[in-house]
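Generate coordinates for the sequence data below:
(one chain, ligands or ions: 2)
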Amino acid sequence: MSTLDQQTTLGLRLHEQMCFIREFADKVDALYRQGKVRGPAHLGQGQEAVAVGVASVLADDDYSIATYRGHAHALARGAPAGAVLKELLGRQGGICAGKGGSMHITSVEHGFFGSYAIVGAHLPIACGLGWASLIQGSERVVACFFGDGAVNIGAFHEALNLAAVWKLPVVFVCENNGYMEYTPIAQVIPVPRPAADRASAYGLEPIVVDGNDVDAVREVVGAAVNRARDGKGPALVEAVTYRLGGHSAADPGAYRSTEEVDSWKERDPLTQHRAVLSKAGVPDDELAEVDARVRTQLQEVAADALAAPLHEPASAWTDMWSDGSAEWRN
Ligand SMILES: Cc1ncc(C[n+]2csc(CCOP(=O)(O)OP(=O)(O)O)c2C)c(N)n1
Ligand SMILES: [Mg+2]
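Ligands and ions are numbered 1, 2, ... in the order given. Next up, the predicted model:
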């Protein structure tokens with residue numbers, strides 16, 4: 001370890017984070033199949049480089065906000081895996097007390113302002129977070145993740161327009177995984193790049209990045225974050241990626257050909273980054289050590305979460321308001 005240069009040490013950290021997030025998703029998938037997950041779970045195997053790359057260029061007090069496919073984004077900001085898993089299992093100790101489930105993971109403490117199930121709904125909220133940053137005279141930047149399916153929603157256009165006019169410090173990151181649920185995005189949009197081809201309508205640069213290359217994501221989004229922090233306004237980044245699994249854990253994804261899925265497996269962000277590290281001189285046994293450590297950590301996290309009690313029905317009457325109370329107010 002001590003012989004590795006700074007860049008390789010960082011690369012190894014990103015590798016461990018991506019492996020951890022992949023193992024977390026695989027564990028959730030297995031628990032879902034055992035009927036242990038309460039409600040749906042939208043997993044993001046194959047898209048890890050976007051969440052990890054973006055989180056790695058944010059400052060600790062920056063904000064991020066994501067969709068229902070948001071486990072990776074919460075974990076990448078430092079939300080504890082145990083509390084996230086308990087949330088999915090409806091257990092006490094869940095990150096939202098086990099009452100929100102997979103699609104509502106939120107951890108303000110970690111700058112993660114929530115996962116939103118209504119497609120496009122959180123883009124205007126990201127503008128609000130960005131505006132708050134300006135009003136407070138803070139240098140805080142907001143990273144807003146959304147899917148390719150959000151770009152035909154009115155809120156996308158309203159948010160991009162407002163952010164551009166008010167020069168809000170928001171970096172909009174479209175994770176173009178080629179599908180909105182079961183529909184190939186190309187069938188419902190007349191331009192080849194769903195987000196980037198709309199950027200000029202808001203005076204923004206069209207930015208496309210390989211979303212399966214964590215270093216490329218870091219470079220492109222890092223520059224956008226710096227510009228936003230310098231008061232130069234928002235950016236719209238289209239990260240091209242692919243979800244290796246179905247839309248949700250319940251979807252076998254049979255509307256995609258085996259050839260298509262296999263071709264993306266060859267571009268798996270974890271395998272690609274591992275190859276970069278090997279080339280930089282990281283020995284195989286060090287990479288294997290990371291794999292083993294991550295597997296053990298996740299086994300412990302899962303055992304602990306499964307041992308936690310389910311949340312009490314009476315807890316439905318707590319935390320209705322941010323001060324914890326439930327009395328009617330108007
Ligand atoms: C406003 C709205 N319309 C429809 C849906 C149903 N829906 C849930 S996920 C989804 C697909 C979204 O695709 P995309 O934005 O590409 O995100 P991905 O699932 O690929 O991450 C749709 C249409 C919804 N949740 N909200
Ligand atoms: Mg999509």
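
ok, now which ones touch the residue nearest the centre of the chain?
Closest to where the C-alpha atoms of the chain average out (C-alpha atoms, centre = their mean) is His73, at 2.9 Å. Listed by C-beta atoms under 8 Å, 6 or more residues apart in numbering, the contact set of His73 reads Ala51, Val54, Ala55, Ser64, Ala66, Phe112, Ser115, Phe145. Every residue, glycine included, has its C-beta placed from N, CA and C.

I'd assumed Ile21 was in contact with the first one.
Yes: under the criterion of C-beta atoms under 8 Å, Ala51 lies in contact with Ile21, with a separation of 6.9 Å.

Pick the one among the contacts of His73 closest to Gly281.
Closest approach to Gly281 among the contacts of His73 (C-beta to C-beta): Ala55, at 25.4 Å.

Next, work out how far apart the closest one and Cys144 are.
With distances taken as C-beta to C-beta, to the nearest Å, Ala55 is found 13 Å from Cys144.

Name the residues contacting each of the two.
Shared contacts of Ala55 and Cys144, defined by C-beta under 8 Å, 6+ apart, comprise Ser64.

Who has more neighbours out of these two?
Each of Ala55 and Cys144 has its neighbours counted (other C-beta atoms under 10 Å); Cys144 has more, 28 against 25.

so the residue of the stretch 51-200 of the chain found nearest ligand 2 bridges to which residues?
Ligand 2 sits closest to Gly147 of the stretch 51-200 of the chain, with a gap of 3.7 Å, by C-beta to the ion. Note on Gly147: beta-bridge partners Glu175, judged by DSSP bridges.

With secondary structure as added columns, please give the contacts of His73 in CSV.
Shown next, in CSV, are those (DSSP: H, G, I helix; E, B strand; the rest coil):
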residue, secondary structure
Ala51, helix
Val54, helix
Ala55, helix
Ser64, strand
Ala66, strand
Phe112, strand
Ser115, strand
Phe145, strand
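
Would you show me how to pick out the buried ones of those in ChimeraX?
If you want just the buried ones from those in ChimeraX, going by 16 or more other C-beta atoms under 10 Å, the selection is:
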select :51,54,55,64,66,112,115,145
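
close enough to count as contact, Glu16 and Glu289?
No: between Glu16 and Glu289 there is no contact under C-beta under 8 Å: 9.7 Å.

which bits of the stretch 151-300 of the chain sit near ligand 2?
Residues of the stretch 151-300 of the chain lying near ligand 2 by C-beta under 5 Å from the ion: Asn177, Tyr179, Met180.

May I ask which of these has the most neighbours?
Busiest of these [other C-beta under 10 Å] is Asn177, holding 24 neighbours.

Contacts only, for that residue.
Shown in contact with Asn177 (C-beta under 8 Å, 6+ apart): Gly46, Gln47, Gly147, Asp148, Thr241, Tyr242, Arg243.

which one is it nearest to, not counting chain neighbours?
Arg243 (4.7 Å; C-beta to C-beta, 6 or more residues apart in numbering).

Can you pull the phi/psi pair for Met180?
With angles defined as degrees, to the nearest 10, Met180 sits at phi -110, psi 110.

In the stretch 1-150 of the chain, where is pLDDT below threshold?
With pLDDT under 70 as the threshold, the stretch 1-150 of the chain has low-confidence stretches at 1-3.

what about the helices in it?
6-33, 48-56, 71-76, 81-88, 122-135 (DSSP state H, counting those that start in this stretch).

all helices for the stretch 201-330 of the chain, in order.
Using DSSP H, counting those that start in this stretch, the helices of the stretch 201-330 of the chain run over 214-229, 258-265, 269-279, 284-307.

Compute the number of surrounding residues for Tyr202.
Using other C-beta under 10 Å, Tyr202 has 18 neighbouring residues.

Identify the residues contacting it.
Tyr202 makes contacts with Leu160, Asn161, Ala163, Ala164, Leu236, as judged by C-beta under 8 Å, 6+ apart.

how about these in TSV, adding pLDDT?
Formatted as TSV, the contacts of Tyr202 follow (pLDDT from 0 to 100):
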residue	pLDDT
Leu160	98
Asn161	98
Ala163	98
Ala164	98
Leu236	99
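
Most neighbours among these, which one?
Neighbour counts for these, by other C-beta under 10 Å, peak at Ala163, which reaches 29 neighbours.

State the distance from Gly137 to Ala163.
Noted for Gly137: a distance of 18 Å to Ala163, by C-beta to C-beta.

Also Pro169?
9 Å.

Quick check: neighbours shared by those two?
Gly130, Gly233, Pro234.
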